[in-house]
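> the sequence and its predicted three-dimensional model are supplied below.
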Amino acid sequence: MQRENMRFSEKNIQPAALAVLKTLESAGFEAWLVGGCVRDLLLGLQPHDWDVTTNALPEEVMSVFPGHSIPTGLQHGTVSVRALGETIEVTTYRVDGAYFDHRHPSGVTFTRSLSEDLRRRDLTVNAIAMDARGKRFDPFEGERDLTAGVLRCVEDPVRRYREDALRIMRTLRFASRLGFEVEGRTAAAIHSEKELLGNIAAERIREEWFRLLSGAHFAPVMREYTDVFGVFCPEMLPMVGFRQNNPHHIYDVFEHCLHAAEAVRPPTAILRLTMLLHDVGKPLCYTEDAQGVGHFYAHAEIGAEMAGRIAQRLKCSNEEIELLTCLVKNHDMLIPNTRKGLRRALSRFGEERLRELIAVKRADDLAQNHAVHDYQSYFDEVERLLGELLEEEVCFSLKQLAVDGRDLLKAGIPQGPQVGEALAYLFNEVLEERVINEREALLTALKKSRYDLQKRP
Ligand code: ATP
Ligand code: MG
């Protein structure tokens, strides 16, 4: 990919970061922006954090910003400097010690050489330094790679991934976010060193995977590096190439999931993950009928269990696990297009979850054979009706019922389980649209019902 417009000016640098650079320089030190902020600035993207690197030792940085600096990560040489209401991380040039666990250096040593500091960084595009005037120091030709749209490890990729295997996920995350090509030797090293991801904490993998899934180019990355994702999500692998033998489908299970993940809206990481895993149960559930047509009975339930286990292993939050399993479990459910049916669906799922479920079903449908069916207009109709019901503020939860337990006690229902039963009865009458959700109407309905105490023995 060719990139132009690598122009930028001092005014693109955040004022706080610029102030820190200039103050360090005035005190006689070298000071450079480095890492993601330089990469993003040169790409014309908005940097979200500003990292400064300097030859000043941490205590020297502290003395340049007395009262405005906190030694946040002294063992790594990092001082947080407050400037113009922002916090800028200032780190002393350093080299990493030997790596013994494929993740953390055994120690760090400070150096007076900027090149040495840049050499420890993962990718050439993350190893460009830029000073307050926009001058670049770029010994690994990161800018050339940025222009060409290439991700390349600084020096030997195998060694770099062996030092810290999380870099594998970082590289793929940038490929997904930026749409860059991974350079050949770097790509080969990702495949050959992938098992080292087994040494990385699950939450770090999840964090990178989710960021990767938010990227515009996640699908080609997942397709090209499926083996890598298989290291921490082996359940995905049997889907690859699994033929569906069903007229509804034009893709194998994995391709179908990828297409569905691309189609889902909003395109959040958790919904994309849901689509990626929504058919994870299929390979375990395959049967063929007498005509040779493939079926996957119970794949949604089995898939939900599998997805739940995957999410647990990756230390997803309880909310994420609940959402993922609920959506996978119900992805094949028919969403009704009638008022009563939708009110029931609303009472079961609530508005937010029901909308998510519709989004999942739309995406699932978009990734199937549209010569055979197209349910998009059906979901348009469902969503229109849903909008109408919500606009009317219809009652779809017990909380919204116009009477509560106290009202029923006052109306003569005896204390005890009958109160709950009566409430459930009235709620059902309202959902079925036999009674309107108004106090008087409900109490009248109650009187007419078997809960009417007068008629009780
Ligand atoms: P972003 O902040 O957009 O996620 P980034 O590249 O800035 O991306 P940070 O975690 O902020 O990521 O790290 C800042 C810089 O530190 C990187 O650009 C890179 O130079 C270096 N770096 C971060 N993590 C690693 C790592 N695991 N191995 C080598 N260098 C790293
Ligand atoms: Mg950053």
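Perfect, thanks for sending it. Numbers count the residues shown, from 1 in each chain. Ligands and ions are numbered 1, 2, ... in the order given.
> residues in contact with residue 357?
If you count contacts by C-beta atoms under 8 Å, 6 or more residues apart in numbering, residue 357 has them with 327, 330-331, 333, 335, 349. Where you see a C-beta, it was placed from the backbone N, CA and C, and this is true even at glycine.
> you'd agree it is in a helix?
Yes. The assignment for residue 357, made by DSSP: H, G, I helix; E, B strand; the rest coil, places it in a helix.
> how near is it to ligand 2?
In this structure, residue 357 lies at 36 Å from ligand 2, with C-beta to the ion, to the nearest Å as the measure.
> what's the answer for residue 144, then?
Distance of residue 144 to ligand 2, given as C-beta to the ion: 21 Å.
> buried stuff in the helix or strand that residue falls within?
Take DSSP states H and E as the rule and residue 144 turns out to sit in helix 142-148. Neighbour counts using 16 or more other C-beta atoms under 10 Å place 142-143, 145-147 of helix 142-148 among the buried residues.
> do stretch 407-427 as well
407-408, 411, 413, 418-419, 422-423, 425-427.
> how about the residue in the chain positioned nearest to ligand 1, what does it touch?
Minimum separation of the chain from ligand 1 (C-beta to the nearest ligand atom) falls at residue 36, amounting to 2.1 Å. With contacts taken as C-beta under 8 Å, 6+ apart, residue 36 has the following neighbours: 47-49, 51, 126.
> please repeat the previous calculation with a cut-off of 7 Å.
Residue 36 makes contact with 47, 49, 126 under the criterion C-beta atoms under 7 Å, 6 or more residues apart in numbering.
> state the distance from it to residue 178.
Going from residue 36 to residue 178 by C-beta to C-beta, to the nearest Å gives 11 Å.
> ok, now residue 331?
Taken as C-beta to C-beta, the spacing of residue 331 relative to residue 178 amounts to 31 Å.
> ok, residue 415 - contacts?
In this structure, residue 415 makes contact with residue 409, judged by C-beta under 7 Å, 6+ apart.
> and it, its phi and psi?
In this entry, residue 415 is assigned phi and psi values of phi -50, psi 140 (degrees, to the nearest 10).
> where does the stretch 301-450 of the chain have low pLDDT?
Residues of the stretch 301-450 of the chain that meet the criterion pLDDT under 70 lie in 450.
> residues of it that sit close to ligand 1?
Not one residue of the stretch 301-450 of the chain sits near ligand 1, judged by C-beta under 6 Å from any ligand atom.
> ranges for the helices of the stretch 301-450 of the chain?
Assignment of helices within the stretch 301-450 of the chain using DSSP state H, counting those that start in this stretch yields the ranges 318-330, 339-366, 376-391, 405-410, 417-431, 439-448.
> then the stretch 151-300 of the chain?
Assigned by DSSP H, counting those that start in this stretch, the helices in the stretch 151-300 of the chain fall at 157-163, 166-178, 184-193, 202-213, 218-224, 226-232, 253-263, 269-277, 299-313.
> relative to helix 269-277, how tilted is the longest one?
Here helix 299-313 runs at an angle of 130 degrees relative to helix 269-277 (axes from the mean of the first three to the mean of the last three C-alpha atoms, to 10 degrees).
> can I get helix 299-313 in PDB? Just the C-alpha atoms.
Listed next in PDB are the C-alpha coordinates belonging to helix 299-313 (Å, rounded to 0.1, in the frame of the first residue of the first chain):
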ATOM      1  CA  HIS A 299     -25.400 -26.600  17.400                       C
ATOM      2  CA  ALA A 300     -26.500 -23.400  19.000                       C
ATOM      3  CA  GLU A 301     -26.800 -24.800  22.500                       C
ATOM      4  CA  ILE A 302     -23.500 -26.700  22.200                       C
ATOM      5  CA  GLY A 303     -21.900 -23.700  20.600                       C
ATOM      6  CA  ALA A 304     -23.000 -21.500  23.500                       C
ATOM      7  CA  GLU A 305     -21.300 -23.800  26.000                       C
ATOM      8  CA  MET A 306     -18.100 -23.800  23.900                       C
ATOM      9  CA  ALA A 307     -18.200 -20.100  23.500                       C
ATOM     10  CA  GLY A 308     -18.700 -19.600  27.200                       C
ATOM     11  CA  ARG A 309     -15.700 -21.800  28.000                       C
ATOM     12  CA  ILE A 310     -13.500 -19.900  25.400                       C
ATOM     13  CA  ALA A 311     -14.500 -16.600  26.900                       C
ATOM     14  CA  GLN A 312     -13.900 -17.800  30.400                       C
ATOM     15  CA  ARG A 313     -10.500 -19.100  29.500                       C
END
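> and the angle from that helix to helix 318-330?
For helix 299-313 against helix 318-330, the angle by the same axes, to 10 degrees is 160 degrees.
> and helix 299-313, what does it pack onto?
Using 3 or more C-beta pairs under 7 Å, 6 or more residues apart in numbering; DSSP states H and E as the contact criterion, the elements in contact with helix 299-313 are helix 269-277, helix 318-330.
> where does the stretch 1-150 of the chain get nearest to ligand 2, residue-wise?
residue 36 (3.2 Å; C-beta to the ion).
> okay, the closest residue to ligand 2 within the stretch 201-350 of the chain and residue 153: tell me how far apart.
Distances from the stretch 201-350 of the chain to ligand 2, computed as C-beta to the ion, single out residue 211 as the nearest residue at 11.5 Å. With the distance defined as C-beta to C-beta, residue 211 ends up 19 Å from residue 153.
> neighbour-wise, which of the two wins?
When residue 211 is set against residue 153 and neighbours are counted by other C-beta atoms under 10 Å, the residue ahead is residue 153, at 24 against 18.
> that one and residue 160 touch, don't they?
Yes. Residue 153 sits in contact with residue 160 when judged by C-beta atoms under 7 Å, with a separation of 4.6 Å.
> got any residues that touch both of the two?
Listed contacts common to residue 153 and residue 160 are residue 122; contacts here mean C-beta under 7 Å, 6+ apart.
> read off the pLDDT value for the residue nearest the centre of the chain.
For the chain, the residue sitting closest to the mean C-alpha position, by C-alpha atoms, centre = their mean, is residue 269 at 2.6 Å. Residue 269 carries a pLDDT score of 98 in this model.
> from what I see, it and residue 214 are in contact.
Yes. At 4.8 Å, residue 269 counts as touching residue 214 under the criterion of C-beta under 7 Å.
> count of neighbours near the nearest residue to residue 314 once chain neighbours are set aside?
With C-beta to C-beta, 6 or more residues apart in numbering as the criterion, residue 314 has its nearest non-adjacent residue at 4.1 Å, and that residue is residue 206. Counted with other C-beta under 10 Å, the burial measure for residue 206 works out to 21 neighbours.
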